[in-house]
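A.B. asks: pasting the structure only:
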Ligand SMILES: [Zn+2]
């Protein structure tokens with residue numbers, strides 16, 4: 001029953017695999033993994049519909065439809081320019097706690113006329129990864145609607161490698177697997193027989209994402225092997241019973257100067273046991289308050 005292998009799954013179709021390199025990511029610092037572009041589209045389609053209907057709403061309020069600009073929404077050359085060299089980038093945490101970016105670029109039509117192309121997109125590795133929405137406008141009021149959140153000075157990465165594939169070498173995968181098995185063994189060893197049984201852990205998987213997105217506490221420590229480990233903890237309730245959900249993550253550093261950090265969950269579990277929970281409050285508290 002207990003496997004030493006890492007388990008990853010697609011957030012849309014729930015396909016499980018031990019091979020992280022089969023998965024795609026569209027957001028930085030997110031553990032939402034997908035098996036295919038189709039599953040990415042399926043997962044985010046409610047958000048795509050939401051922004052479409054928001055646009056319809058405000059355009060009809062302004063009575064401003066700009067049908068003459070519609071062709072620009074399929075102008076690949078201009079879209080490419082917008083995605084690689086935007087004039088402005090804004091970042092907001094949207095209603096779903098995802099970091100969503102607005103990219104804006106102004107284009108001249110003739111000497112005294114211009115319009116702006118606007119996209120809402122997730123970013124991965126400093127590049128637009130999944131576009132939720134796009135529009136074109138000549139109207140400042142429409143433009144202002146998209147300047148939400150914080151204007152950022154980030155620049156778009158020029159690297160041509162596929163932006164959304166997290167590549168992990170075999171050596172790191174072996175390390176992750178061995179870490180996973182030792183962390184799992186340690187946790188099961190300390191686990192009380194009265195706690196939620198290991199066999200039921202899969203019923204709690206839905207708490208992983210909310211714990212990562214909106215934790216009560218985050219602890220950071222260096223483990224015995226000198227690796228940086230982050231522990232995300234959130235108090236949760238299922239069927240009126242309160243429990244803690246914990247996610248222990250390995251901090252994978254990539255890039256030429258090791259400045260690209262991806263958190264990879266190596267252990268996640270629910271617990272009813274305050275003592276077990278306390279065992280994981282180790283290292284430096286980097287988010288949250290010390291609880292009584
Ligand atoms: Zn899938």
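C.D. replies: Looks like it came in fine. All values derive from a computational prediction rather than experimental measurement.
A.B. asks: What pairs with the top strand by length along the chain, parallel or antiparallel?
C.D. replies: Across the chain, the longest stretch assigned as strand under DSSP state E is strand 241-254. Sheet pairing of strand 241-254 (DSSP bridges) gives strand 228-238 (antiparallel), strand 260-271 (antiparallel).
A.B. asks: ok, now which ones touch the residue nearest to residue 108 when sequence neighbours are not counted?
C.D. replies: Distances taken as C-beta to C-beta, 6 or more residues apart in numbering place residue 114 nearest to residue 108, at 4.8 Å, with adjacent residues excluded. Placement of C-beta: from N, CA and C, glycine included. Contact partners of residue 114, counting by C-beta atoms under 8 Å, 6 or more residues apart in numbering, are 106, 107, 108, 138.
A.B. asks: cutoff 7 Å now
C.D. replies: By C-beta atoms under 7 Å, 6 or more residues apart in numbering, residue 114 lies in contact with 106, 107, 108.
A.B. asks: out of the residues you listed, which are inside strands?
C.D. replies: 106, 107, 108.
A.B. asks: Quick check: beta-bridge partners of the second one?
C.D. replies: Right, residue 107. residue 115.
A.B. asks: residues contacting it?
C.D. replies: Per C-beta under 7 Å, 6+ apart, neighbours of residue 107: 78, 114, 115, 117.
A.B. asks: Roughly how far does the third one sit from residue 27?
C.D. replies: To residue 27, residue 115 is 29 Å away according to C-beta to C-beta, to the nearest Å.
A.B. asks: Looking at the two, which has the bigger crowd around it?
C.D. replies: Neighbour count, other C-beta atoms under 10 Å: between residue 115 and residue 27, residue 115 has more, with 20 against 16.
A.B. asks: Next, the contact list for that one, please.
C.D. replies: With contacts defined as C-beta under 7 Å, 6+ apart, the neighbours of residue 115 are 69, 72, 107, 109, 136, 137, 138.
A.B. asks: What's the local residue count around the nearest residue to residue 69 once chain neighbours are set aside?
C.D. replies: Distance criterion C-beta to C-beta, 6+ apart; nearest residue to residue 69, sequence neighbours excluded, is residue 136 at 3.9 Å. Residues contacting residue 136 under the criterion other C-beta under 10 Å number 20.
A.B. asks: Can you tell me the SS state at residue 136?
C.D. replies: Taken by DSSP: H, G, I helix; E, B strand; the rest coil, the conformation at residue 136 corresponds to strand.
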